[in-house]
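In: this is the structure alone, sequence omitted:
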């Protein structure tokens, strides 16, 4: 649904939000980053950058700085930096997104997050050096 039209993306976002709310009492910490990655993709795709920022803050609070799945964590940060760039245009987010891109160059394991970062930079016209 996240890959569908606008209505389907909104339905997907609502479903993910409902799942997070419904299961907040149950520990599903091993997959929580996947839910947040999907939410970030959804909000970013509908250009709701404020919700991207708020979702990122929820993610940081719930994970308390623990990386569950490093490639998901990189993508969540990339969407956050892209959203912040779109909201503020601050140079610090150009540097941050460049930095996480460089961190993905250490291994082919990070091929997916690297392509995600490239797509965010291209779509938002972020003047980052990748």
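Out: Now that the structure is in, tell me what you want to look at. Predicted, not measured: the structure shown is a model, and the values here were computed from it.
In: I'd like to know how many residues surround residue 122.
Out: Residues contacting residue 122 under the criterion other Cβ atoms under 10 Å number 11. (C-beta placed from N, C-alpha, C; glycine too.)
In: what are the ranges of the helices in this structure?
Out: 6-22, 32-45, 49-63, 70-88, 91-103, 111-124 (DSSP state H).
In: which among those is found nearest to residue 130?
Out: helix 91-103 (5.0 Å; Cβ to Cβ).
In: I'd assumed residue 37 was in contact with residue 75.
Out: Yes: in this structure, residue 75 is within contact of residue 37 by Cβ atoms under 8 Å, at 5.4 Å.
In: what's the pLDDT at the residue nearest to residue 46 when sequence neighbours are not counted?
Out: In space, and not counting its chain neighbours, residue 46 is closest to residue 9: 5.7 Å by Cβ to Cβ, 6 or more residues apart in numbering. pLDDT recorded at residue 9 is 88.
In: residue nearest the centroid of the protein?
Out: Centroid check for the chain by Cα atoms, centre = their mean gives residue 76 as the closest residue, at 2.7 Å.
In: which residues touch that one?
Out: Contact analysis of residue 76 by Cβ atoms under 8 Å, 6 or more residues apart in numbering lists 33, 36, 37, 40, 56, 59.
In: just send those residues back as TSV, with neighbour count, distance to residue 114 and pLDDT too.
Out: Shown next, in TSV, are those (neighbours: other Cβ atoms under 10 Å; distance: Cβ to Cβ, whole Å; pLDDT from 0 to 100):
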residue	neighbour count	distance to residue 114	pLDDT
33	22	18	87
36	25	19	92
37	23	15	93
40	26	16	95
56	21	20	96
59	21	20	92
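In: closest to residue 99 among those residues?
Out: Among those, residue 56 lies closest to residue 99 (Cβ to Cβ), at 16.1 Å.
In: surely that closest one meets residue 80?
Out: Yes: look at residue 56 against residue 80 with Cβ under 8 Å: they come within range, at 4.0 Å.
In: show me how far stretch 39-58 is from its chain's centre.
Out: Relative to the centre of its chain, stretch 39-58 is centred 7 Å away, using Cα atoms, centre = their mean, to the nearest Å.
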